[in-house]
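Asks: Got a predicted structure here, sequence first:
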Amino acid sequence: MAATLRAKMAMRKTFLGLLSVMLAVGVPVFGGTDRDSFTEAIVKLNREATVIDLTAMVQREFGTREEEIRWAVNESMEWGEIIALAYIQATTGRSFAEMTQEDARRDLWTYAEKTEMSLEKMARSLESFLKRAERERNTRIFERLRSSRRVHSLPDLGSGFGLFQEALDFRRIDSPRPTKIHTGTGVLAKGEK
């Protein structure tokens with residue numbers, strides 16, 4: 001009895017120790033930082049740009065001029081970097097060329113920090129831009145699928161068809177004469193006289 005009690009106490013201590021280690025080590029891993037989400041969004045935007053053209057979305061979202069985007073593409077920038085620069089440009093008003101001269105491409109996060117921008121807002125903005133880009137990609141894929149399949153439309157029978165069908169069913173159910181006649185004394189049901 002005492003041995004089982006000691007074993008249970010040891011298991012509780014082990015469990016509490018493991019739980020505290022998981023909380024201490026696991027929270028930063030699962031929580032992530034704004035910088036990590038910012039970097040991840042840039043990487044994912046680079047992948048999205050291989051599937052869809054993000055030019056119109058960047059122009060709509062951040063008001064980036066087409067010349068700026070063309071300049072960035074000619075400088076062989078990745079799309080994630082272009083979108084981050086477009087956000088910084090929308091906030092600070094600096095051109096892509098000015099930001100490149102100030103060495104913003106080396107570390108966009110540090111550059112944004114130097115310009116005293118809200119880094120959390122920048123990370124959230126890029127994440128929401130990424131979600132819109134993914135939605136746009138999925139929409140285009142589904143539109144392509146819909147247009148590639150030939151679907152024969154069925155005639156619209158409307159609610160009148162249901163009423164007509166009911167009338168046909170009632171005509172079969174309703175008969176004017178009995179179909180079966182029971183004769184004889186038979187056994188009375190329980191409780192009848």
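Replies: Now that the structure is in, tell me what you want to look at.
Asks: Following the chain past the helix or strand bottoming out on mean pLDDT in the chain, name the next helix or strand.
Replies: Every helix and strand of the chain was ranked by mean pLDDT, DSSP states H and E. The lowest is helix 2-31, at a mean of 56. For helix 2-31, the following helix or strand on the C-terminal side (DSSP states H and E) is helix 34-51.
Asks: Show the average pLDDT along that following helix.
Replies: Helix 34-51 comes out with an average pLDDT of 82.
Asks: For it, which helices and strands make contact with it?
Replies: Helix 34-51 is packed against helix 79-92, helix 108-114, helix 119-148, with contacts defined by 3 or more CB pairs under 8 Å, 6 or more residues apart in numbering; DSSP states H and E. For glycine as for every other residue, the C-beta is placed from the backbone atoms N, C-alpha and C.
Asks: how far off helix 79-92 does that helix point, in degrees?
Replies: 120 degrees (axes from the mean of the first three to the mean of the last three CA atoms, to 10 degrees).
Asks: List the contacts of helix 34-51.
Replies: Helix 34-51 has contacts (CB atoms under 8 Å, 6 or more residues apart in numbering) with 54, 78-81, 83-84, 108-109, 119-120, 122-123, 126-127, 129-130, 133-134, 137.
Asks: Any buried residues in that helix, and which?
Replies: Buried residues in helix 34-51, counted by 16 or more other CB atoms under 10 Å: 34, 37, 38, 39, 40, 41, 42, 44, 45, 48, 49.
Asks: do the same with stretch 58-65
Replies: For stretch 58-65, a neighbour-count test (16+ other CB under 10 Å) marks 58, 61, 62, 64 as buried.
Asks: Kindly report the same for stretch 122-141.
Replies: 122, 123, 125, 126, 127, 129, 130, 133, 134, 136.
Asks: repeat for stretch 97-106
Replies: 99, 100, 104, 105.
Asks: Tell me the one of these nearest residue 114?
Replies: Of all the buried residues of stretch 97-106, residue 114 sits closest to residue 104, with 9.0 Å by CB to CB.
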